[in-house]
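> With the sequence up front, the predicted model follows.
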Amino acid sequence: MTVLTAAVVVLGLLCLLNLAVSTAVIRRLRLLGMPVDPASGGGPAIGSPVPAFDVMADDGTSLTPDFLRGRRTLIAFLSTTCSACVDHAPELALRAAELESSGTQVLLVLLDDGADARGLRKLLSPVGTLLTGENALAFMTACQVDATPTYWLTGEDGTLAAELQDLDSLPLPLRAD
């Protein structure tokens, strides 16, 4: 019985120590004053140019920041292992014609693990310019995007106009009703 009592006391002391350390860490993080915005991928701020990149699209087109100039561009950062991306892909495919008719080109950045069991590559290939493999990874790294799905809308001057987490947030008149 004394062993059991000692074990409970030691466990209680460990819990109090854990609570004290957790409280100290939380206070320290608050003192740093770093706001946490889960929608922010750490990339460029709205209104700033998209970071420099030089990648090759799946169709052999060389893509540089000049690709983004002259037309609005919807850049979709997706992954074959992301369930939300799989859910968004059919809607993106349906909206492609509307986006094109509104003068907006679509750039799809698809991270894949090589086994595209859900068929995203096949579904999205006709939608717009497609980046996969190392080129997609290089583009995402250059843009500092670390979460999928993420959508960027760029202006005709190649600057970031909006960062979205879903297609329903597309600013009008691009949004399908």
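Everything's here; your move. Numbering: from 1, shown residues only.

> so where's the protein uncertain?
29-42, 113-118, 171-177 (pLDDT under 70).

> care to break it down by domain?
The chain is divided into the following domains under automatic domain parsing: 1-33, 55-169.

> Going by neighbour count, list what's buried in the shortest one.
Same thing as domain 1-33. The neighbour-count check on domain 1-33 (16 or more other C-beta atoms under 10 Å) flags nothing as buried. Every C-beta, even on glycine, is put in place using the N, C-alpha and C of the backbone.

> List of residues touching stretch 95-114?
Residues outside stretch 95-114 that contact it (C-beta atoms under 8 Å, 6 or more residues apart in numbering): 63, 67-68, 71-81, 92, 120-121, 124, 126-133, 136-137, 139-140, 145, 148, 153, 167, 173-174, 176.

> Out of those residues, which end up buried?
Among those, the ones that count as buried by 16+ other C-beta under 10 Å are 63, 67-68, 72-81, 92, 120-121, 124, 127-132, 136, 139-140, 145, 148, 153, 167, 174.

> Work out the gap between the helix ranked longest in the chain and the centre of the chain.
Under DSSP state H, the helix in the chain containing the largest number of residues is helix 2-32. Here helix 2-32 shows a centroid-to-chain-centroid distance of 37 Å under the convention C-alpha atoms, centre = their mean, to the nearest Å.

> Report the next helix or strand after it in sequence order.
strand 55-56 (DSSP states H and E).

> Run through the neighbouring helices and strands of the helix or strand following that following strand.
Where DSSP H and E defines the elements, the next helix or strand beyond strand 55-56 is strand 62-63. For strand 62-63, the packing partners by 3 or more C-beta pairs under 8 Å, 6 or more residues apart in numbering; DSSP states H and E come out as strand 55-56.

> which neighbours does the strand it packs on have in its sheet, and in what orientation?
strand 62-63 (antiparallel) (DSSP bridges).

> Pull the residues that contact the partner strand.
Strand 62-63 is contacted from outside by 53-57, 107, 129, 131, 139, using C-beta under 8 Å, 6+ apart.

> Kindly reformat the residues you listed as TSV containing distance to residue 4.
Formatted as TSV, the contacts of strand 62-63 follow (distance: C-beta to C-beta, whole Å):
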residue	distance to residue 4
53	63
54	67
55	64
56	67
57	67
107	64
129	67
131	62
139	60
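
> what's the closest of these to residue 27?
Comparing the contacts of strand 62-63 against residue 27 with C-beta to C-beta places residue 139 closest, at 39.2 Å.

> May I see the buried residues of stretch 106-126?
Within stretch 106-126, the residues that qualify as buried by neighbour count (16+ other C-beta under 10 Å) are 106-112, 118, 120-121, 124-125.
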